[in-house]
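Student: okay, here's the prediction I keep looking at, along with the sequence it came from:
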Amino acid sequence: MTLTRRLLAPGWYRAALGLAAGFLLGMGIVVAVRAAYGWDPLFDGDAIVTVGGLICAPLGYLLGIGCFDYWFRWASGAPTVPEDHSGHGAYSWRDYFRVNTDHKVIGIQYICTTFIFFIAGGLMAMLMRAELATPGTQFVDPNTFNGLFSVHASLMIFLFIIPVFAGIANYVIPLMIGAPDMAFPRLNALSYWMLPAAGVMMICSYFAEGGAFATGWTAYAPLSTETPLGQQFFTMGVQFAGASSIATALNFLVTIITMRAPGMTFWRMPLLVWANFTTSLLVVIATPFIAGSQFFILLERSLGMQFFNPGANGDVLLYQHVFWFYSHPAVYIMMLPGFGIVSEVISTHARKPIFGYRMMAFSLVAIIILGFSVWAHHMFVSGMWSWFRVPMMITTMLIAVPTGIKIFSWLATLWRGVIHLRTPLLFALGFITMFTLGGISGIMLAVVPFDIHVSDTYFIVAHIHYVLFGGSVFTIFAGIYHWFPKMTGRMYDEGLGRLHFWLSFIFFNLTFGPMHFVGIDGMPRRVADYAEQFATWNAIISISAFIFGLSFLIFLYNMIASWRNGPLAVGNPWRAHSIEWQVSSPPPVFNFESVPTVVGGPYEYGVPGAVHAVFKDEEEEAKEKARASAGAVPAPAGGGGAPPSSDP
C-alpha cells in the first residue's frame, strides 16, 4: 500500500495526521479570533492548548481513525460504502487495533484499554503510599502529591470502573438476549475510541505548565477555576469520557428494549441484563449534569464568566449541587453492573436459582429512584442550609434497603446450594463481605454528627475504597474470570486465580481497614505529611498496599499466559443456563447460526427438563417429540438453560 493510500485510508497513519491537523486548526481558530478582537498576545498558550490540543486534536484523531467515515459519506450525499462486514469481527490481533463494529471485539478493546489505565492509576497509588510510609517528605512535594491523588482517582473512576463494566456488558449482553450485535454498531465503536482520548488527556496533564490537575476527582469550584492549565485536561477529559458513557448507555437501552430474542420477556432476562438496563437509565439521566458542571468550569476559566463568584451574583455552592447530582448516582453506575455479575456468578457456581428474582429486579429500579435523592449527603459540611441535612440523612439510610435486599438474596441463593468454590465465586463472596462493610460505614456517614466528625479524614478514604474496590473491582475480577473462557476460548489457571483472590482479599483489608482507625482519630486525607502519632499505622498500610498492588501481577500473568497457551475451553464449562453459554467459546462472528427462542427463565437449576432457550433445530426436534408423544403428560413449564445439572 502506497503512503498516499495509507494516509487516506482510516487507521493509525490518518489518525496521526488528523491529530496534527486538528491541533493546527484549533491554533488557527484561536489566532484568528484574537486577531479579530485585537487581543494581545496573538498566540496565547493556554487558549491554544485548550482549543487546539484538547478539543480539535482529539476530534481530528477520531476522524482519522475512521469513526465518522460512513456517516460523513451519508451526510454529504455521496454513495455509502456497501456493508461487506469487513470491519466486523476479529480474525487476527491486528483487528483489535482498528475501528471494529463487532460488539465482542469492542468489549475486549474496552477491557484491555481500561486495565492499562488501571495500571497507571495503581502506580500512582503506590507512589502515594511510598510517600506516606513515614512522616515528612520522601519522594514528592505537596503539589505533586495533590496531582497524584487527583489523577489516580479520576483514572480509576472515569477510565476504569465505569468503562470496564461497559466492556464486559458489550461482550455479554447481546449474547445473553439472543441478539446478533448491538443496535448501533458504529456508535458502539465511536463510544470506545473516545475513551483513550479522555485517558491520555488526564495523564498528559502532568506535562502541562504548573503540573497535573490537583483538585481531586471532584474539582470543586472556585478552587478549580483558579488552578494552573492542568485543570483544563481534567475538564475536557471528563467531557470525552462522559460522551462515551452516554452513547454506550443509549445503545444498551435500545438493544435491550428492541433486540431481545423471541420469547425473552423482561421477566425472563438475566439479572445482568436488568442491571445494565437500569445502569444505562442512570447514565443517560445523570451524566449530563457532570458535563454541565465541567462546562461551567471551562467557561469560567476560558471566558471569565462568574458562575461561582458571590461578588458577581454567582453561587459558590452551585458547582457542588450540580456535580453531586451526577456523582452520587455515579456510585450506583459503578455498582449496579457488578450486582448483575455477582447474581450470574453465584447462581451458576452454587447451582441454585436466584432467590427472589423479581425483588432483585425491583430493587435495581428502586436504587435508580432513590439514587437521585441523596446527593447532598456529600455536602453536610459545605455550608448549605442546615435543615436540608435531615431529609438527606433519611434518604441515605433508606437507600440501604434495596441494597440489603440484594445481600440477603445472594446469601439465600448460596444457602444449601451445591457450591463450586472456583475463582469467580471467591471474588463474588469477597465482594459481599467488602461491600457489606462499606455499606455499614456508609450508614455511619449518613448520620450528620458522625459525618461532620470524620469529614475529610481517612475514614472517607477507607469507606470509598471498600465500596468501589472491595465492591466494584472485586465484581470486575469475578466477571472476567467467569467469562474468560467464553471470551478467549481458553481456561485460566485456577490455582493462580485463587492465589490472586486470597492475596487481594487479605492485603486489601490490611490496607484499607486501618484507615478507619486513623480517620476516626483525625488523620486528614489529601495531605502529603501527617502527625507522628499516625506513623505506625501508615507503615502497616503502605507495606500492605505494596503487596496488594503486586498481587495484581498474578492476575495479569494468568490472563496473558492463559489466553496464549491455556487449555481449550468447551462451549459451556460452568454448565450455565443463559444463552451466551449455548454457543461455542469464543462465539461465532455473528453470535448465532439461528435465532434462539426463549422458553423459560435463566436460573432454573435443578428443575427437571427446564430449558432457558432453544435454537431452530432444537425447537423443531422438540415439536416432533411432542407430536410423537401426543397425549403424554407435558413437562412442567419453567425457566432454565442447559440440560439439568447432575449435581445433587
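Tutor: Good, I have the coordinates. Numbering: from 1, shown residues only.
Student: from here on, just use CA atoms for contacts and neighbour counts.
Tutor: Will do.
Student: contact partners for the residue positioned nearest the centre of the chain?
Tutor: Against the mean C-alpha coordinate of the chain, by CA atoms, centre = their mean, the closest residue is Ile162 at 1.8 Å. Each residue near Ile162 by CA atoms under 8 Å, 6 or more residues apart in numbering is listed here: 333-334.
Student: the one 5 residues further on too?
Tutor: Residues near Gly167 by CA under 8 Å, 6+ apart: 106-111.
Student: could I have the helix or strand hosting the residue nearest to the centre of the chain exported to PDB, CA atoms only?
Tutor: Taking DSSP states H and E as the criterion, Ile162 maps to helix 162-176. C-alpha atoms of helix 162-176 as PDB (Å, rounded to 0.1, in the frame of the first residue of the first chain):
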ATOM      1  CA  ILE A 162     -17.300   2.800  34.700                       C
ATOM      2  CA  PRO A 163     -16.000   1.800  31.200                       C
ATOM      3  CA  VAL A 164     -14.700  -1.700  32.200                       C
ATOM      4  CA  PHE A 165     -18.300  -2.600  33.100                       C
ATOM      5  CA  ALA A 166     -19.300  -1.300  29.700                       C
ATOM      6  CA  GLY A 167     -16.700  -3.600  28.200                       C
ATOM      7  CA  ILE A 168     -18.000  -6.700  30.000                       C
ATOM      8  CA  ALA A 169     -21.600  -5.800  29.100                       C
ATOM      9  CA  ASN A 170     -20.600  -5.100  25.500                       C
ATOM     10  CA  TYR A 171     -19.300  -8.600  25.100                       C
ATOM     11  CA  VAL A 172     -22.000 -10.400  27.100                       C
ATOM     12  CA  ILE A 173     -25.400  -8.600  26.800                       C
ATOM     13  CA  PRO A 174     -26.100  -9.100  23.100                       C
ATOM     14  CA  LEU A 175     -25.300 -12.800  23.600                       C
ATOM     15  CA  MET A 176     -27.400 -13.000  26.700                       C
END
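Student: following element in sequence after that helix, please.
Tutor: Helix 162-176 is succeeded, C-terminally, by helix 185-204 (DSSP H and E).
Student: next, the angle helix 185-204 makes with whichever helix or strand comes after that next one.
Tutor: Scanning forward in sequence from helix 185-204 by DSSP H and E, the next helix or strand is helix 230-258. Calculated by axes from the mean of the first three to the mean of the last three CA atoms, to 10 degrees, helix 230-258 forms an angle of 160 degrees with helix 185-204.
Student: elements contacting the next helix or strand after helix 230-258?
Tutor: Remark: after helix 230-258, the chain's next helix or strand is helix 271-303, criterion DSSP H and E. For helix 271-303, the packing partners by 3 or more CA pairs under 8 Å, 6 or more residues apart in numbering; DSSP states H and E come out as helix 162-176, helix 230-258, helix 318-333, helix 336-350, helix 357-371.
Student: okay, the ones you listed in a markdown table with distance to Ala400 and mean pLDDT next?
Tutor: Listed next are the helices and strands packed on helix 271-303 as a markdown table, based on distance: least, CA to CA, whole Å; pLDDT from 0 to 100:
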| stretch | distance to Ala400 | mean pLDDT |
| --- | --- | --- |
| helix 162-176 | 22 | 96 |
| helix 230-258 | 25 | 95 |
| helix 318-333 | 12 | 89 |
| helix 336-350 | 14 | 95 |
| helix 357-371 | 9 | 91 |
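Student: need those in TSV (columns: distance to Leu54).
Tutor: Formatted as TSV, the helices and strands packed on helix 271-303 follow (distance: least, CA to CA, whole Å):
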stretch	distance to Leu54
helix 162-176	21
helix 230-258	6
helix 318-333	22
helix 336-350	31
helix 357-371	32
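Student: minimum distance to Lys616: which of those has it?
Tutor: helix 162-176 (16.2 Å; CA to CA).
Student: Phe308: helix or strand, and which one exactly?
Tutor: Assigned by DSSP H and E, Phe308 falls within no helix or strand.
Student: hang on, isn't it packed against Tyr319?
Tutor: Yes - with contacts counted by CA atoms under 8 Å, Phe308 reaches Tyr319, the gap being 7.4 Å.
Student: quick one: the closest residue in space to Pro228 that isn't next to it in sequence from Phe184, how far?
Tutor: Spatial nearest neighbour of Pro228, excluding adjacent residues (CA to CA, 6 or more residues apart in numbering): Gly210 at 5.4 Å. Per CA to CA, to the nearest Å, Gly210 is found 41 Å from Phe184.
Student: now, which of the contacts of Gly167 sits nearest Trp563?
Tutor: Ile108 (12.3 Å).
Student: and the closest one, which helix or strand is it part of?
Tutor: Short version: Ile108 belongs to helix 103-131, going by DSSP H and E.
Student: that helix vs helix 185-204, what angle?
Tutor: Interaxial angle, helix 103-131 versus helix 185-204 (the same axes, to 10 degrees): 10 degrees.
Student: and the helices and strands packed on helix 271-303: which comes nearest Val527?
Tutor: helix 230-258 (19.0 Å).
Student: report the buried residues of that closest one.
Tutor: Residues of helix 230-258 classed as buried: 230-253, 255-256 (neighbour count, 16 or more other CA atoms under 10 Å).
Student: try stretch 405-422
Tutor: Here stretch 405-422 shows 405-407, 409-410, 412-414, 417, 419, 422 as buried, counting by 16+ other CA under 10 Å.
Student: if we can go back for a sec, distance check, the residue nearest to the centre of the chain against Gly371.
Tutor: Ile162 sits 16 Å away from Gly371, taking CA to CA as the criterion.
Student: check Arg389 too.
Tutor: Counting by CA to CA, the gap from Arg389 to Gly371 is 16 Å.
Student: which one of the two is surrounded by more residues?
Tutor: Neighbour count, other CA atoms under 10 Å: between Arg389 and Gly371, Gly371 has more, with 23 against 20.
Student: got the angle between the one helix or strand Trp483 maps to and helix 162-176?
Tutor: Element membership for Trp483 (DSSP H and E) is helix 474-488. Here helix 474-488 runs at an angle of 50 degrees relative to helix 162-176 (the same axes, to 10 degrees).
Student: which of the residues in the next helix or strand after helix 474-488 are buried?
Tutor: Using DSSP H and E, the helix or strand that directly follows helix 474-488 along the chain is helix 494-520. Using 16+ other CA under 10 Å as the test for burial, helix 494-520 gives 497-498, 500-505, 507-520.
Student: any weak-confidence spans in the stretch 101-250 of the chain?
Tutor: Counting by pLDDT under 70, not a single residue of the stretch 101-250 of the chain qualifies.
Student: thinking again about what came up before, nearest to Tyr37, of the helices and strands packed on helix 271-303?
Tutor: Among the helices and strands packed on helix 271-303, the nearest to Tyr37 by CA to CA is helix 230-258 (23.4 Å).
Student: pLDDT averaged over the host helix or strand of Leu550 - what is it?
Tutor: Applying DSSP H and E as the criterion places Leu550 in helix 535-565. Mean pLDDT, helix 535-565: 96.
Student: and that helix, what does it pack onto?
Tutor: The helices and strands touching helix 535-565, judged by 3+ CA pairs under 8 Å, 6+ apart, are helix 103-131, helix 494-520.
Student: re earlier: could you identify which of the contacts of Gly167 has the most neighbours?
Tutor: Of the contacts of Gly167, with other CA under 10 Å as the count, Ile106 tops at 29 neighbours.
Student: right, and that one touches Ala189 too?
Tutor: Yes - if you go by CA under 8 Å, Ile106 and Ala189 touch, sitting 6.6 Å apart.
Student: distance of Ser544 relative to Ile464?
Tutor: Distance, Ser544 to Ile464, using CA to CA: 18 Å.
Student: the more surrounded of the two?
Tutor: Neighbour count, other CA under 10 Å: between Ser544 and Ile464, Ser544 has more, with 22 against 19.
Student: pretty sure that one sits against Ser504.
Tutor: No - in this structure, Ser544 is not within contact of Ser504 by CA under 8 Å, at 10.0 Å.
Student: Phe308 and Tyr319: which is more packed in?
Tutor: Between Phe308 and Tyr319, counted using other CA under 10 Å, the more crowded position is Tyr319 (23 against 20).
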